[in-house]
Structure formats: C-alpha cells, structure tokens
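Student: Sharing a model prediction with you, sequence too.
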Amino acid sequence: MAKSKVYFTNFRSQNNISLLEKLEKLVKSAGIEKINFQNKFVAIKIHFGEIGNVAYLRPNYAKTIVDLIKENGGRPFLTDCNTLYVGKRRNGLDHIETAYENGFNPFSTGCHVIIADGLKGTDEAIIPINGKHVKMAKIGRAISDADVFISLSHFKGHEFVGFGGALKNIGMGCGSRAGKMEMHSSGQPFVAHSVCVGCGKCVENCRFGAISLDEKSTIDHTKCVGCGRCIRFCPNNAVMMVMDEANDILNEKIAEYAYAVVKDKPHFHINFVMDVSPCCDCYPYNDVPIVPDVGMFASFDPVALDMACVDMVNKQPILQNSILGENTCMGNHFMSVHPDTNWQACFEHAVKIGLGNQEYELVEIE
Ligand code: SF4
Ligand code: SF4
C-alpha cells in the first residue's frame, strides 16, 4: 500500500503570519478543497472540553475550518456526543451549555453546535460493519446524517488508550451512549447500592423491563440490552459502567467505530499537537504538558495522521516539570505516562480493517 500523505506545519509564527492563516494553508495544501462541500451538511467533530479544563482546542481554530467550508458552499456544524460518565457533557442541554461556556457559539465559530446523539444520548444511527468485535455500531444520529465528516482533534495523553488523537475523537467520540458502553465494556451497567436511594426512576425508564426495585434497584443482565437510558435517568448517578474491557479489545473497538463513522462519506482529519496534557480533556482540570507544543497536522488518512503525531511527540524532549519528568522515559512518551495502555493495537486493527495506513510521508508546510 502506498504511503499516506500527512501535512504538517509548526507553531512558529514568522513574517507576520498568524497560526490561523497557517492552519488554512495547511488544510488547503493537504487537499481539503477536493471534497465537494456544495450544499452538504458537514459534521466537524470536536471535543468542547469539560468545564475547568483549559487544554481543549480554542474555538478560533474551528472558525478557520468553518469559514473555509462555507466559502466552498458547505453547511458546517460543530458536534460531539454525550459522555458516559458524570460531568457537564452528559446530556444534550448540559453539553451545549458547556460548549458555549468554553467559547463555542455561533458568534465565535460561525456555526451552530449540535449534540449528535440528542438530549439523552439515545438518538443514534445503527451502522452495520460486521467487525471482529462490533457488528452494529451505534453512532450519534447527526454525525451519521451528515454528508461530510471532519475531525478536529486535540492530540494529548489518554488514561485508557495512551493518547487521544483522530481515531479516539472519531471512534469513541462519535459513539452514542450505547456505543460508548459497547466499546468500554461488555455493555451492561450495574447499580451501586451504596448510592441508590430507591427512587425507581431507572425502573420507569428501562424499556426492556430489566430493572427491579426492592429498596434498591438491581439490573437483570439477561434482559438488559445495554441502551444506557438508566444511566441518564438516575438522579443520583448510581447507575454505572464497569470499564472492564481489555485494553487491546477497547483499542480495536475504537478502530471499528471510527471505521463505521467514516466508511460511507468523504472525510478529512486535523490534529493539533499542543498543550499535550497527560490525560483527556474530559477531566475538569489539566496537568502540565509532557512535551513542548509541536504543530498542526492534516490528512485524509486518520491512521497515518495519528501515527505521524505519535512519532513527532516521541521525538520531543520531555518537560521536566511534567508528570513525565518524574517517570522513566522509554522513548514512548504516552506509554511512559500510561503503562497499562497499548495504542499500537488500535493502529494495527485500523490497518487490518482498511481504515488507513501506518506508513506515511510527512510533507512540511511553511
Ligand atoms: S442499559 Fe437499557 S436495557 Fe439495560 S437496564 Fe439500563 S435502561 Fe434497561
Ligand atoms: S434511578 Fe438511581 S437512585 Fe433511583 S432507583 Fe434507580 S439506581 Fe437507584
């Protein structure tokens, strides 16, 4: 297979050129305008950041891409799916308010925010892929309905999968609540009896009669289909997921979900290797970056794109005031931070299922 091209520009700002102008030049050089945007709905998948986290991507970068898509006749919107865990992005209303609070609104970005899997994380499209682990991927409806898919990823560490780049942004990020459950575990929640107050809300809202109540509620896993509604409806956050999937399987499922998202539509991917914090932007805080800011990368191939970013991060000196300064460095910065992860499994599986190529040619843009 021929090497995929990955375009790169650093964060140096010389000759009075702004980083936003550099971003525009980067994506144009990488060929984004080859996509037919005319009258097309364009989903731009981005992480809006948890409240308290300040490492997420600035809205300004999104606006540059939004403006370019509009100039090319497209109808872009910024999007993400609701989370599984407790936080400020767990339902459509909280999520959109978080996006606004973190600066993503029509005035700053030039387009609307749509939470792809709706108010309660149940608005999903079922995409048949017949993968090794995933037969029917559950993708946020608005992302599935879009004609074109663009990924804007903040490239940083991740506690479950080593790092979060394009594949994580697409695969895990575009899964509905049931989709995320399927990736993280065997897909069935449990009730923490120490937190449950026996209000019965989960029982009322389980369409499959899988929950019984006897002072505390209990889920019958022979009836539960893993839809995740009970997680959303519990006012006390007593319904929880076991994040029990083996790391390699989790990585392979993410690859299969990413494949499901992009398989039938034009797609393009941009990674920002900056503020490379050790953990995900889902936390309401962020630690000191582990390496210096590197630059922006763009490609039609999300696998090659992430590979190029990992390689570039691993070439960077570690920042001694970061968590990595305290750890032994094995030449694999993300595994040094998260030794129990194996991101390579995601790449290998992604190549196997035809999502992309690990081999790349890096093209540097001034
Ligand atoms: S995940 Fe869905 S099917 Fe399972 S107990 Fe909760 S609401 Fe019922
Ligand atoms: S909704 Fe939550 S608190 Fe209420 S019975 Fe169900 S698990 Fe318990």
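Tutor: Sure thing, it's come through. Residues are numbered from 1 along each chain as shown. Ligands and ions are numbered 1, 2, ... in the order given.

Student: Can you get me a residue count around the residue in the stretch 1-150 of the chain that ligand 1 sits nearest to?
Tutor: As assessed by Cβ to the nearest ligand atom, ligand 1 sits closest to residue 122 within the stretch 1-150 of the chain, at 9.3 Å. Glycine gets a C-beta too; all of them are placed from N, C-alpha and C. Other residues near residue 122 number 18, with proximity taken as other Cβ atoms under 10 Å.

Student: how far away is it from residue 154?
Tutor: Residue 122 sits 27 Å away from residue 154, going by Cβ to Cβ, to the nearest Å.

Student: that older thread, surely the residue of the stretch 1-150 of the chain closest to ligand 1 touches residue 229?
Tutor: Yes: judged on Cβ atoms under 8 Å, residue 122 makes contact with residue 229 at a distance of 6.1 Å.

Student: Need the overlap of contacts for the two.
Tutor: Common contacts of residue 122 and residue 229 (Cβ atoms under 8 Å, 6 or more residues apart in numbering): residue 177.

Student: Three-state assignment for the residue nearest to residue 366 when sequence neighbours are not counted, please.
Tutor: Excluding the flanking residues, the one nearest residue 366 by Cβ to Cβ, 6 or more residues apart in numbering is residue 9, at 7.2 Å. For residue 9, the assignment made with DSSP: H, G, I helix; E, B strand; the rest coil gives strand.

Student: Surely residue 9 touches residue 365?
Tutor: Yes: if you go by Cβ under 8 Å, residue 9 and residue 365 touch, sitting 4.5 Å apart.

Student: so residue 253 touches residue 134, yeah?
Tutor: Yes: with contact defined as Cβ under 8 Å, residue 253 reaches residue 134; the gap is 5.8 Å.

Student: tell me which element residue 335 falls in.
Tutor: Under the criterion of DSSP states H and E, residue 335 resides in helix 333-337.

Student: That helix: what's the following helix or strand?
Tutor: helix 344-352.

Student: show me where the stretch 201-350 of the chain has strands.
Tutor: Along the stretch 201-350 of the chain, counting by DSSP state E, counting those that start in this stretch, strands occupy 211-214, 216-219, 239-240, 267-273, 295-299.

Student: where in the stretch 151-300 of the chain is pLDDT low?
Tutor: In the predicted model of the stretch 151-300 of the chain, residues 186-187, 242-245 satisfy pLDDT under 70.

Student: If I look at residue 86, what pLDDT would I see?
Tutor: On the pLDDT scale, residue 86 is placed at 67.

Student: Isn't residue 91 up against residue 117?
Tutor: No: with contact defined as Cβ under 8 Å, residue 91 does not count as touching residue 117 (9.9 Å).

Student: any residues in contact with both of these two?
Tutor: In contact with both residue 91 and residue 117: residue 82, using Cβ under 8 Å, 6+ apart.

Student: Grab the nearest non-local neighbour of residue 260.
Tutor: residue 137 (3.5 Å).

Student: a strand runs through that neighbour, doesn't it?
Tutor: Yes: assessed by three-state DSSP, residue 137 belongs to a strand.

Student: Next, work out how far apart residue 77 and ligand 2 are.
Tutor: 33 Å (Cβ to the nearest ligand atom, to the nearest Å).

Student: Could I get the phi/psi values of that residue?
Tutor: Main-chain dihedrals, residue 77, degrees, to the nearest 10: phi -140, psi 150.

Student: Next up, the contacts around it.
Tutor: With Cβ under 8 Å, 6+ apart, residue 77 has these contacts: 41, 42, 43, 44, 111, 112, 113, 114, 142, 146.

Student: do the same with residue 108
Tutor: Residue 108 is in contact with 59, 60, 63, counting by Cβ under 8 Å, 6+ apart.

Student: what about it, is that helix, strand or coil?
Tutor: Here residue 108 is recorded as helix under three-state DSSP.

Student: can you list the domains in the protein?
Tutor: Following automatic domain parsing, one gets these domains for the chain: 4-184+246-364, 190-240.

Student: Among those, show me which one is buried the most.
Tutor: Among the domains of the chain, ranked by average contacts under mean count of other Cβ atoms under 10 Å, first place goes to domain 4-184+246-364 (a mean of 20).

Student: Now the terminal residues of that domain, how far apart.
Tutor: With Cα to Cα, to the nearest Å as the measure, domain 4-184+246-364 spans 14 Å from end to end.

Student: again, but for stretch 65-83
Tutor: 25 Å.

Student: And that stretch, how far out from the chain middle?
Tutor: Distance of stretch 65-83 from its chain centroid, counting by Cα atoms, centre = their mean, to the nearest Å, is 16 Å.

Student: returning to that earlier point: give me the common contacts of residue 9 and residue 365.
Tutor: Between them, residue 9 and residue 365 share the contacting residues 22, 25, 26, judged by Cβ under 8 Å, 6+ apart.
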